[in-house]
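[1] Below is the structure, and that's it, no one-letter string:
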């Protein structure tokens, strides 16, 4: 299993727009065989940091999801929504191998 951790720098005044974006992606990751663990929005502390965590059975399956998402109408619409609303300033991805036992 591989878990993708995404750290977003978001526009604080567009938190509602980012939440809408996040809610679009949760079912999309699941649709492509992943397990979404949720988005985490700012609460206390920094007001411009959000996180997302989701897992795929393997890095190869994650990479297939990335390719397929670029051709999926719902994913394209979600990417466009983020671009149109400018709710995301930047993001970085890291990958982790969970230890569950």
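    Perfect, I can see it now. Predicted model only: the values in this text are computed from it and were never measured. Numbering: from 1, shown residues only.
[2] Show me the residue sitting in the middle of this protein in space.
    When C-alpha atoms, centre = their mean is applied to the chain, the residue found nearest the centroid is residue 52 (5.1 Å).
[3] Check the gap between the residue of the chain positioned farthest from its centre and residue 54 for me.
    Most distant from the centre of the chain: residue 101, at 25.9 Å, with distances by C-alpha atoms, centre = their mean. Noted for residue 101: a distance of 21 Å to residue 54, by C-beta to C-beta, to the nearest Å. The way it works is simple: take the backbone N, C-alpha and C, and place the C-beta from them, glycine included.
[4] Kindly report the same for residue 74.
    Residue 74 sits at a distance of 16 Å from residue 54 (criterion: C-beta to C-beta).
[5] quick one on the thing from earlier: how about the contacts made by the closest residue to the residue nearest to the centre of the chain other than its chain neighbours?
    With sequence-adjacent residues excluded and distances taken as C-beta to C-beta, 6 or more residues apart in numbering, residue 52 is closest to residue 6, at 4.4 Å. Residue 6 makes contact with 51-53, 91-94, according to C-beta atoms under 8 Å, 6 or more residues apart in numbering.
[6] Quick check: next helix or strand after the strand or helix carrying residue 24?
    If you go by DSSP states H and E, residue 24 is part of helix 15-31. Next helix or strand after helix 15-31 toward the C-terminus (DSSP H and E): strand 35-40.
[7] buried ones in that next one?
    Of the residues in strand 35-40, 36-37, 39 count as buried by neighbour count, 16 or more other C-beta atoms under 10 Å.
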